[in-house]
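>>> I'd like to go over a predicted model; first the sequence, then the structure.
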Amino acid sequence: MADLSLPILDLSRLDAGPEAASAFRDDLRRATHDVGFFYLTGTGVSPELEARLLRGARDFFALPEADKLAIENVQSPHFRGYTRVGGERTQGRVDWREQIDIGPERTAVIDPAAPDYARLVGPNLWPAAQPELREVVSEWHDHLSGVARKLLRAWAVALGAPESYFDQHFGEPSTLIKIVRYPGKDDPTPQQGVGAHKDSGVLTLLWVEPGKGGLQVQRDGEWVDAPPVEGAFVVNIGELLEYATQGYLIATNHRVISPKYPDDRISVPFFFNPALDSRLPVIDLPEELAAEARGVTQDPANPIHALYGENALKSRLRAHPDVAAIHHADLVAARAEPSA
């Protein structure tokens, strides 16, 4: 296989005239139909902003343990804040990483009649010892939200829908930023930095510390490396976009292998998803595209819900069983399989 296992798309082509924009949309549709992953350049994110984000991440993880644990996510019913190494699981296995989860800054919902997924709404937990983190994350969020909207409008046209299709059905986006550090491991590789999974929403923009590998994507049943490309994000679609296209676009399994000690790795995934109460309707694909739709993946262990809030809650309860047990024991019990 070639050195780069994923296609590279340049977002700036959308602004280079009708012919270049049309070619970009064709490439976008092809990449996410065939692979579900691609590199994205031309996003307008400055090297200065990238450097500030990396510095903020490094400064956060260098804080004394007590400062990080002061905002540990077990204190948050909304799954926000710091997760210590080993505090998250994928497919039941421990992920070897530490992170801080940051979502929309909102007031918690206290209405007992609210749907279960409303428990995901609430405030973030910010480190008191590092007030500048909030500023750079806010700037990062705003810029990447614009990139995500631009991509979704291009996808809509590429799929034969009006350009405003996703804007009309998204509502106020439910975003999530994870600032992640993968510590080095000296065990025999591969070690699970984060286990094989598909993202539960619509769109992920992943920024990886320059020069740091570890991301792998499943293609034709094999794991292939997706090494970092300077100035590029790694982009993948989630389960909701697979649902909305009935499998014409595909959500792809991916994982991260831990770096070798003493190295470590910073990455920052940005998840751009619809409002928790939004339901993405199935897109009426043109006949030639509909003929290539493969249907939505059927996995009894991982049902794909059309309502984003249900999909998001499924993922959060599964990934953070300690938070679920402390704050949402009723939901865990309600979702437990009946005994034989």
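Cool, the structure landed. Residues are numbered from 1 along each chain as shown.

>>> all helices for the protein, in order.
18-34, 47-61, 65-69, 132-158, 165-170, 239-244, 287-290, 308-319, 321-327, 329-335 (DSSP state H).

>>> just checking, what packs against the longest one?
Helix 132-158 makes packing contacts with helix 18-34, helix 47-61, helix 165-170, strand 174-182, strand 203-208, strand 265-273 when contacts are defined by 3 or more C-beta pairs under 8 Å, 6 or more residues apart in numbering; DSSP states H and E. Glycine gets a C-beta too; all of them are placed from N, C-alpha and C.

>>> quick one on the thing from earlier: just name the most buried of the helices of the chain.
When neighbours are counted by mean count of other C-beta atoms under 10 Å, the highest per-stretch mean among the helices of the chain falls to helix 239-244, a mean of 25.

>>> ok now that helix, how far from the chain's centre?
When C-alpha coordinates are averaged (C-alpha atoms, centre = their mean, to the nearest Å), helix 239-244 and its chain have centres 14 Å apart.

>>> what's the burial count for residue 64?
Other residues within reach of residue 64 by the criterion other C-beta atoms under 10 Å amount to 9.

>>> Who are the contact partners of it?
Shown here is residue 64, whose contacts under the criterion C-beta atoms under 8 Å, 6 or more residues apart in numbering are residue 129.

>>> Tell me the spacing between it and residue 129.
Between residue 64 and residue 129 the computed distance is 8 Å (C-beta to C-beta, to the nearest Å).

>>> about what we covered before: nearest to residue 176 among the helices of the chain would be which one?
helix 308-319 (8.4 Å; C-beta to C-beta).

>>> Can you tell me what sits against that closest one?
Helix 308-319 is contacted by residues 79, 88-90, 115-120, 174, 200-202, 239-240, 273-280, 302-305, 323-324, 328, 331-332, 335 when judged by C-beta under 8 Å, 6+ apart.

>>> So how do I select the buried members of these in ChimeraX?
Paste this into ChimeraX to select the buried members of those, with burial taken from 16 or more other C-beta atoms under 10 Å:
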select :79,88,89,90,117,118,119,120,174,200,201,202,239,240,273,274,276,277,278,279,280,302,304,305,323,324,328,331
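
>>> got a list of what the closest residue in space to residue 183 that isn't next to it in sequence touches?
Here the nearest residue to residue 183 in space, its sequence neighbours aside, is residue 264; by C-beta to C-beta, 6 or more residues apart in numbering that works out to 5.2 Å. Shown here is residue 264, whose contacts under the criterion C-beta under 8 Å, 6+ apart are 181, 182, 183, 184.

>>> Lowest pLDDT pick from those residues?
Looking at the contacts of residue 264, model confidence by pLDDT dips furthest at residue 184: 87.

>>> Common neighbours of residue 64 and residue 129, please.
With contacts taken as C-beta under 8 Å, 6+ apart, not a single residue reaches both residue 64 and residue 129.

>>> Low-confidence bits of the stretch 101-250 of the chain, can you list those?
Along the stretch 101-250 of the chain, the model assigns pLDDT under 70 to residues 188-193.

>>> Can you read off the pLDDT for residue 319?
88.

>>> From residue 196, how far out is residue 216?
Summarising the geometry, the distance separating residue 216 from residue 196, computed by C-beta to C-beta, is 9 Å.
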